[in-house]
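Enquirer: could you work out the structure for the sequence below:
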Amino acid sequence: MTVARPPGHTDSGSTTATGQPARLLVDGREVARYVLDPALDLRHGPRPYLHPVRTIGGTVVTDALPADHVWHLGASLAVQDVNGANLWGGRTYVRDVGYTWRDDHGVIAHTGDVERAADRYAHDLRWRDRAGRTLLTERRSLSASEVAPDAWRLDLDSALTAPTDREVRLGSPATNGRPGGAGYGGFFWRAVADGEAMVFTADAAGEEAVNGSAAPWLALAGVGPGGGAYTLVFAGLGRGDRWFVRTAMYPGVCVAFAFDRPAVVPAGETRHGRYRVWVADGTLDRDRVAALVAAAPATH
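Expert: Residues are numbered from 1 along each chain as shown. Presented below is the predicted three-dimensional model:
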């Protein structure tokens, strides 16, 4: 696939950050780094993101600024259409036109720390349009916990609040007319894999079968840099959410907020989400995945 590059793009794969990244540790080991304020071209959708994320054994399981989609930033929250503003990065899908470079990119900006500890971090953010107007405010928290000698779990909680004077509509290329199940936008994880990753739920397998599904959990297994096998297990679909999945074009999983219809945050109200990702060394089977998910404390 050929991807158009915006002016000023380089393929160095490097980025700088003006804020101090947060680090998540498990038993004294860094398993994730959270970049708060990346200095990126506006068209790459600047936003806080997790990268690199590692298994306990050290295998890297995220990718950032890949050549095929340079606006994919590890694990992050991003939506392509927030009241008409592109907070995902890249080209915007325009109904009856297709993907188009537009001056509609906004920023999801870190605005202040709330808590910082070895295994957890919380902060406040503002989702802003190109003119700097606030579209949404957010309180976000992340935590890391060991669940087995070869696995740890990331918990990410998000509370997105609309302004008191207007509702906020969250859309996707699919809701703007793109066919083919391209309902991405939400909590998105760009994985890294040597060869094609495999994806499965409790009762289905393969990209075509699981894309657009609402299974309670979804697993993606691949081989990372250096040949280390890993498995990622995702949970946390909210009401109306669906799984957006890619394995053939690139390895990625998204809790999609607007897979086939826009999601609305009413004026003055808050959209709550809690997303869980188990990060495990090795290739896990369905029974092991189900056991990990079942052992986790209930969410509220």
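
Enquirer: the helix or strand where G112 lies packs against which elements?
Expert: Counting by DSSP states H and E, the element that carries G112 is strand 107-117. Strand 107-117 is packed against strand 120-128, strand 134-148, with contacts defined by 3 or more C-beta pairs under 8 Å, 6 or more residues apart in numbering; DSSP states H and E. (C-beta placed from N, C-alpha, C; glycine too.)

Enquirer: buried residues of stretch 162-175, list them for me.
Expert: Neighbour counts over stretch 162-175 (16 or more other C-beta atoms under 10 Å) mark 162, 168-175 as buried.

Enquirer: give me the subset of the residues you listed lying in strands.
Expert: 168-171 (DSSP state E).

Enquirer: between those, which is closest to A235?
Expert: Lowest distance from A235 to these (C-beta to C-beta) belongs to L170, with 20.5 Å.

Enquirer: my guess is the closest one contacts L77, does it?
Expert: No: shown here, L170 and L77 do not form a contact pair, counting by C-beta atoms under 8 Å, at 10.9 Å.

Enquirer: pLDDT weak spots in the stretch 201-300 of the chain?
Expert: 300 (pLDDT under 70).

Enquirer: now do the helices in it.
Expert: With DSSP state H, counting those that start in this stretch as the criterion, the stretch 201-300 of the chain has helices at 207-210, 286-295.

Enquirer: closest to N83 out of the ones you listed?
Expert: helix 207-210 (29.8 Å).

Enquirer: give me the contact list for that closest one.
Expert: With C-beta atoms under 8 Å, 6 or more residues apart in numbering as the test, helix 207-210 has contacts from 199-201, 204, 218, 243, 245-248.

Enquirer: just how off-centre is the strand holding G112 within its chain?
Expert: 17 Å (C-alpha atoms, centre = their mean, to the nearest Å).

Enquirer: direction included, what does it pair against?
Expert: strand 120-128 (antiparallel) (DSSP bridges).

Enquirer: what angle do the partner strand and strand 134-148 make?
Expert: Strand 120-128 and strand 134-148 are oriented at 160 degrees to each other (axes from the mean of the first three to the mean of the last three C-alpha atoms, to 10 degrees).

Enquirer: buried residues, strand 120-128. List them.
Expert: Going by 16+ other C-beta under 10 Å, strand 120-128 has these buried residues: 120-123, 125-128.

Enquirer: turn those residues into TSV, columns for distance to L292 and pLDDT.
Expert: Formatted as TSV, the buried residues of strand 120-128 follow (distance: C-beta to C-beta, whole Å; pLDDT from 0 to 100):
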residue	distance to L292	pLDDT
R120	20	98
Y121	23	98
A122	25	98
H123	28	98
L125	29	98
R126	35	98
W127	32	98
R128	37	98
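
Enquirer: P48: which of those is nearest?
Expert: L125 (6.9 Å).

Enquirer: can I assume that closest one is in contact with D113?
Expert: No: with contact defined as C-beta under 8 Å, L125 and D113 do not form a contacting pair (11.2 Å).

Enquirer: returning to that earlier point: of the helices of the stretch 201-300 of the chain, flag the one that's most buried.
Expert: Of all the helices of the stretch 201-300 of the chain, helix 207-210 has the most neighbours on average by mean count of other C-beta atoms under 10 Å, namely a mean of 17.

Enquirer: starting at the chain centroid, how far to it?
Expert: 19 Å.

Enquirer: quickly list what the residue nearest to the spatial centre of the chain is bridged to.
Expert: In the chain, the residue lying closest to the centroid (C-alpha atoms, centre = their mean) is F188, at 2.1 Å. Per DSSP bridges, the residues bridged to F188 are S76, C254.

Enquirer: can you check R23 too?
Expert: R33.

Enquirer: if I read this right, D124 contacts S141, doesn't it?
Expert: No: shown here, D124 and S141 do not form a contact pair, counting by C-beta under 8 Å, at 10.5 Å.

Enquirer: intersection of neighbour lists for these two?
Expert: Counting by C-beta under 8 Å, 6+ apart, the residues touching both D124 and S141 are V114.

Enquirer: mind listing what G106 touches?
Expert: Applying C-beta under 8 Å, 6+ apart, the residues near G106 are 82, 85-87, 127-130, 135.

Enquirer: that one and A296, how far apart?
Expert: G106 sits at a distance of 34 Å from A296 (criterion: C-beta to C-beta, to the nearest Å).

Enquirer: do A248 as well
Expert: Taking C-beta to C-beta, one finds A248 at 30 Å from A296.

Enquirer: quick one: which of the two has more around it?
Expert: A296 (16 against 10; other C-beta atoms under 10 Å).

Enquirer: wait, the more buried one touches R276, no?
Expert: Yes: applying C-beta under 8 Å, one finds A296 in contact with R276, separated by 6.7 Å.

Enquirer: okay then, goodbye and thanks.
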